[in-house]
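Q: Give me coordinates for this.
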Amino acid sequence: MNLPNKITLVRIFLIPLFIAVLMTRGLSCCDIAAAVIFAVAALTDGIDGYLARKNNQVTDLGKFLDPIADKLLIASALICLVELQRIPAYMAIIIIAREFIVTGLRIVAISNGVVMAAEMTGKIKTVIQIFATIIALLFPTVSVGSFTLGWIVMLIAALFTIYSGYVYLSKNWDMVINSK
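A: Got it, this is the predicted structure:
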């Protein structure tokens, strides 16, 4: 197992730690610690991909594990934020549903011998989701009008997530319609 894949596994193993720290109630330092763990886990996404490409260590295992690790990290954070009542469930559902849709689209593409390249909107979406999650973790009570800052930035993330999903679907709709 190469270094990029080990880094991806670290991201996966950080998820239960992140959840345990975040869901520890009554300690204000837990939000900060959870945000740090989440940020470190999110940073490993860029590091493992960079190293894999730089050192020509892209593997099938990495292609499989990396997107799963990303989706597990974001979905875990969103579900916890819903449980903590920091974001409404519909925002988490929108973001998670987009991931299922694009993953399904990729499966259809692969079954037709097509490899879907990552879209820039997907990369931007990920950065916005990570930023929104960190804000929701660090500033749970900061209000802007009648909404929390976390709610506002997560709404922006959800809206951009919809747009990103639209871009993937619109660019690949013919393939979906014409698939075997």
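
Q: quick one: contacts of the helix or strand containing residue 64?
A: Assigned by DSSP states H and E, residue 64 belongs to helix 60-83. Defining contact as Cβ atoms under 8 Å, 6 or more residues apart in numbering, one finds that helix 60-83 is touched by 1-2, 4-5, 8-9, 11-12, 14-15, 18-19, 22-23, 38, 41-42, 45, 48-49, 52, 87-89, 91-92, 95-96, 99, 103, 126, 129-130, 133, 136-137, 150, 154. Heads up, the C-betas are built off the backbone N, CA and C, glycines and all.

Q: Averaged pLDDT, it. What do you get?
A: Rounded to a whole number, the mean pLDDT of helix 60-83 is 92.

Q: elements contacting the following helix or strand past it?
A: Next helix or strand after helix 60-83 toward the C-terminus (DSSP H and E): helix 89-111. With contacts taken as 3 or more Cβ pairs under 8 Å, 6 or more residues apart in numbering; DSSP states H and E, helix 89-111 sits against helix 60-83, helix 149-177.

Q: Helix 149-177 and helix 89-111, what's the angle between them?
A: If you take axes from the mean of the first three to the mean of the last three Cα atoms, to 10 degrees, helix 89-111 sits at 30 degrees to helix 149-177.

Q: Could you check the angle helix 89-111 makes with helix 60-83?
A: Going by the same axes, to 10 degrees, helix 89-111 is angled at 160 degrees with respect to helix 60-83.

Q: buried residues in helix 89-111?
A: 91-92, 94-96, 98-99, 102, 105-106, 108-109 (16 or more other Cβ atoms under 10 Å).

Q: what sits up against that helix?
A: Helix 89-111 has contacts (Cβ under 8 Å, 6+ apart) with 67, 71, 74-75, 78-79, 81-82, 115-116, 122, 129, 154-155, 157-158, 161-162, 164-165, 168-169, 172, 175-176, 179-180.
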